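**Q** Whatever this is, show me its structure:
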Amino acid sequence: MKVLTLISGGDVGGAKTHVLTLLRELSRTVEVRLVCFTEAEFTEDARAMGLDPIIMRGSVPSVVKRLRAYVAEEKFDIIHSHGSRGNFLSSLLKVKNIPRISTVHSDWRLDYMGRPLAALTYGVLNAFALRGMDYLVAVSDPMAELLIKRGFAPDRIFTVYNGVDMRVPDLPRRSGSEETVNVGIAARLNPVKDVETLVRGFSEAAKERPELRLRIAGDGPEEARLRRLAEQLGEGDKIEFLGWVEDVDGFYSTLDVNTLTSISETFPYALTEGARWGLATVATRVGGVPKLIDSGVSGILVEPGDSKALAAALVRLAGDAELRRDMGQKLLEKTARLFSLEATRETMTGIYETVLRRHSKRSEKRRGVAVCGAYGRGNSGDEAILEAIISEIREADPDVPITVLSVEPRQTATERRVRAIHTFRVLAFARVARKCSLYINGGGSLIQNITSRRSLWFYLYTLWAAHASGAKVVMYGCGIGPVTGEADRRLAARVINRNVDVITLREDGSAAELAELGVTKPEILLAADPSLFLGSASDDRVDSIMLASGLETRGRYICFVLRSWPGFEEHAEDFANAAEFAWEKLGLRPVFVPINHLEDVAPARAVAARIKCPHTILTGQLNGRETAGLMSRMTIVVSMRLHGLIFAAGHGVPLVGVVYDPKVSGFLKYIGQDLFCGLDAAGRLCELIERAAARGSSSEQETAVASLRGKEQVNREVLGRYLR
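**A** Numbers count the residues shown, from 1 in each chain. Okay, here's the model as predicted:
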């Protein structure tokens, strides 16, 4: 593989470090050539690293002519540009059959803050050039999400995080003594870095913890103003302005706490460089920073501009050396595992290989998968199904284009990196169906009319339209029914028999429902719910969620997953009695977890208002992996929602089901679980909870879940059959 890299040559800061260190690492396995358009520190450093940059100066037409000749002569496989000048010149090349990639290091709308003329020239040219790229690489997931929100195709965006050399120089640690705790920041002193918030927060913290000292490494237009602010706050003797620091490692070796207070970032080197030294870290929740730091576990995150929260974090760390060591060590371990130079090189090489594969298939006229289900509605169970389906599609064919029907298409595109259209845009779906080779209806219970007849008719329409357009049609990991009314039952059977190729089911009750409907033509296979094996978020991430909610990470809890349903209010007292019983008799603190954060918090609050024992209500949106991780920490789970039971079952947690729909009892019977009751019998919950506590994780449940793991392979085999 031969890659041409284009960059101005005058770049500084994170972009310079990213490009040079990445090229040096890539050169171990990939033939890379570097072309710059000016001589500066960047090119000097490149030569020192053995990269031997080629300098092309001159007018734009002359440089483009020389670049075209160079590309033709050297026969590059990929052209990869960085920065506004590199992107603009790459956009003018348009060499046939060579994909063009650009790495987006920062938000080009913020790059020229306070420089309106530069924003109107370089900023506009960069935005124009990015639109012409074949593929984009973002240096953090939030940057990728920003690109998607600005209209770039999600399936042409990749993410590679800045890697850091984990080798630490043999320097003596010169951090604060027992009498002082050194806080530091390495940053350009410009408005985006918002060092003012750090100075103000430090000043407030120092009033409570006089041992604190602040060291600021960097220069820039804000320096004079920040010095005046430090004097005005009376901290001139505790805040040290070091100016531009060449020996960055020497600087970090003097610190106890590393900080970052930016209002906008992608994935700052200042944090990973500090992480190498095992420094406790306080940072703003911006860009890719939450990807690195699990707040409360491997550092502390605060909101941009919140000097009071920053002060509180500094006070906490100043007074607890053990906490500083623990957080610093966890951050060091995570950085070494996920954000090393080696990890970045492997990721970038994989991106190049993927780009070349996809670019070679771009002319195929009918290729792709459309996925339709109850997506974009805020339900972590349904979103877990979608994540699992996309993962299984990628396993079968990592390059196939995927389009998802969602009621929140922009959100789905952003989170899943797939194309998305609104579920009910019929004409848009027809266009997608004509290009797809496979249409997936599922998972979940879509073929039912208990919630809405129109919903049933719509999903049946999509089955007909996809088949009529020439796509193969699969109903995937489904639950079926209930379908009531003879007219709807006849319609469902007719449409499915005539238009569906294969149906995979998540439990055997749905097979019986299909038989009663008279569905006989498609191939029917018993599988499992795809989300059952999605996996959990990392332990650190789950710890962070629990700590943010005031929960001990290894406490004893009973989880209630509730939902609004006709008759629920009449039985809210029964749930409250069950929560009080679990606390008083079993020592389990009630925790209310929403599967649908838009709907499930209200019933949780209705029950919580009736109890006096300690309890916690989680209110924010959690993804499927985070919810599954939380369920794994519970002693018992009581759930009305099917996916509350599925997530808990996958981790062997004792279950109690409250049945509002046959799909709930169907799943519980399928895994050999008998501890459930109807909503109208919620008065039995105390008895069922006590039995669940005595039984623990049942062997029948574990055996059934193990069997389901084998049956999930059925879904993968069906995808493989149609995608390979």
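**Q** residue contacts, the closest residue to residue 379 other than its chain neighbours?
**A** In this structure, residue 379 finds its nearest non-sequential neighbour in residue 596, 4.3 Å apart by C-beta to C-beta, 6 or more residues apart in numbering. C-betas here are computed from N, CA, C, even on glycine. Neighbouring residues of residue 596 by C-beta atoms under 8 Å, 6 or more residues apart in numbering: 377, 378, 379, 380, 381, 563, 641.
**Q** what do you get if the cut-off is 10 Å, keeping everything else the same?
**A** 377-383, 561, 563-564, 621, 641, 643 (C-beta atoms under 10 Å, 6 or more residues apart in numbering).
**Q** Counting only strands, which of those residues make the cut?
**A** Within the contacts of residue 596, residues falling in strands by DSSP state E are residue 561.
**Q** Turn the contacts of residue 596 into CSV, columns for distance to residue 513 and pLDDT.
**A** CSV is the format used below for the contacts of residue 596 (distance: C-beta to C-beta, whole Å; pLDDT from 0 to 100):
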residue, distance to residue 513, pLDDT
377, 23, 90
378, 27, 88
379, 22, 91
380, 26, 92
381, 20, 91
382, 20, 93
383, 25, 93
561, 25, 98
563, 22, 95
564, 25, 94
621, 32, 89
641, 20, 95
643, 20, 93
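**Q** Which one of the contacts of residue 596 is nearest to residue 324?
**A** Distance to residue 324, by C-beta to C-beta, is smallest for residue 621 among the contacts of residue 596, at 31.5 Å.
**Q** Now do the same for the residue nearest to the closest one when sequence neighbours are not counted: its pLDDT.
**A** Closest residue to residue 621 apart from its sequence neighbours, by C-beta to C-beta, 6+ apart: residue 597 at 4.4 Å. Looking at residue 597, its pLDDT is 92.
**Q** what's the burial count for residue 597?
**A** 16 (other C-beta atoms under 10 Å).
**Q** Distance of it relative to residue 604?
**A** To residue 604, residue 597 is 11 Å away according to C-beta to C-beta, to the nearest Å.
**Q** who touches both of the two?
**A** Joint contacts of residue 597 and residue 604 (C-beta under 10 Å, 6+ apart) are 618, 619.
**Q** on that earlier part again, weed out the non-buried ones from the contacts of residue 596.
**A** 378, 379, 380, 381, 382, 383, 561, 563, 641, 643 (16 or more other C-beta atoms under 10 Å).
**Q** before we move on, back to that, of all the contacts of residue 596, which comes closest to residue 27?
**A** Ranked by distance to residue 27 (C-beta to C-beta), the contacts of residue 596 are led by residue 383 at 40.4 Å.
**Q** and the closest residue to that closest one other than its chain neighbours, how many neighbours does it have?
**A** In space, and not counting its chain neighbours, residue 383 is closest to residue 624: 5.6 Å by C-beta to C-beta, 6+ apart. Counted with other C-beta under 10 Å, residues neighbouring residue 624 total 26.
**Q** Report the contact partners of residue 624.
**A** Counted by C-beta under 10 Å, 6+ apart, residue 624 has contacts 379-388, 531, 534-537, 595, 643, 646-647.
**Q** picking up where we left off before, tell me the contacts of the residue nearest to residue 621?
**A** 378, 379, 380, 618, 619, 620, 621, 622.
**Q** okay, those in a markdown table with distance to residue 576 next?
**A** Output for these, formatted as a markdown table (distance: C-beta to C-beta, whole Å):
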| residue | distance to residue 576 |
| --- | --- |
| 378 | 25 |
| 379 | 25 |
| 380 | 24 |
| 618 | 18 |
| 619 | 19 |
| 620 | 23 |
| 621 | 25 |
| 622 | 24 |
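**Q** Now intersect those residues with the helices, please.
**A** Mapping these onto helices (DSSP state H) picks out residue 380.
**Q** circling back to that earlier point, would you point out the most distant pair within the contacts of residue 596?
**A** Greatest spatial distance in the contacts of residue 596: 383 and 564, 19.2 Å, computed using C-beta to C-beta.
**Q** what stretches of this protein score poorly on pLDDT?
**A** 110-114, 118-122, 172-178, 698, 701 (pLDDT under 70).
**Q** How is it divided into domains?
**A** For the chain, the structural domains run 2-159, 181-337, 365-526, 541-707, going by automatic domain parsing.
**Q** Format the contacts of residue 596 as JSON lines; extra columns: distance to residue 355.
**A** Shown next, in JSON lines, are these (distance: C-beta to C-beta, whole Å):
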{"residue": "377", "distance to residue 355": "34"}
{"residue": "378", "distance to residue 355": "34"}
{"residue": "379", "distance to residue 355": "34"}
{"residue": "380", "distance to residue 355": "32"}
{"residue": "381", "distance to residue 355": "34"}
{"residue": "382", "distance to residue 355": "31"}
{"residue": "383", "distance to residue 355": "28"}
{"residue": "561", "distance to residue 355": "42"}
{"residue": "563", "distance to residue 355": "44"}
{"residue": "564", "distance to residue 355": "47"}
{"residue": "621", "distance to residue 355": "32"}
{"residue": "641", "distance to residue 355": "40"}
{"residue": "643", "distance to residue 355": "36"}
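**Q** and residue 257, what are its phi and psi?
**A** With angles defined as degrees, to the nearest 10, residue 257 sits at phi -140, psi 130.
**Q** Spit out the contact partners of residue 301.
**A** Counted by C-beta under 10 Å, 6+ apart, residue 301 has contacts 281-286, 289-290, 292-295, 309, 313, 544, 548.
**Q** Out of the residues you listed, flag the one nearest to residue 247.
**A** Minimum distance to residue 247 across these is 20.2 Å, recorded for residue 281 (C-beta to C-beta).
**Q** For the longest helix along the chain, enumerate the helices and strands it packs against.
**A** Counting residues, the longest helix in the chain under DSSP H turns out to be helix 699-723. Secondary-structure packing of helix 699-723 (3 or more C-beta pairs under 10 Å, 6 or more residues apart in numbering; DSSP states H and E): strand 369-372, helix 380-396, strand 438-447, strand 472-480, strand 502-505, strand 523-526, helix 642-649, helix 662-670.
**Q** could you check the angle helix 380-396 makes with that helix?
**A** 50 degrees (axes from the mean of the first three to the mean of the last three C-alpha atoms, to 10 degrees).
**Q** residues of helix 699-723 that come out buried?
**A** 701, 704-705, 708, 711-712, 714-716, 718-719, 722-723.
**Q** Could you double-check that residue 316 lies in contact with residue 299?
**A** No. Counting by C-beta atoms under 10 Å, residue 316 sits too far from residue 299 to count as a contact (11.7 Å).
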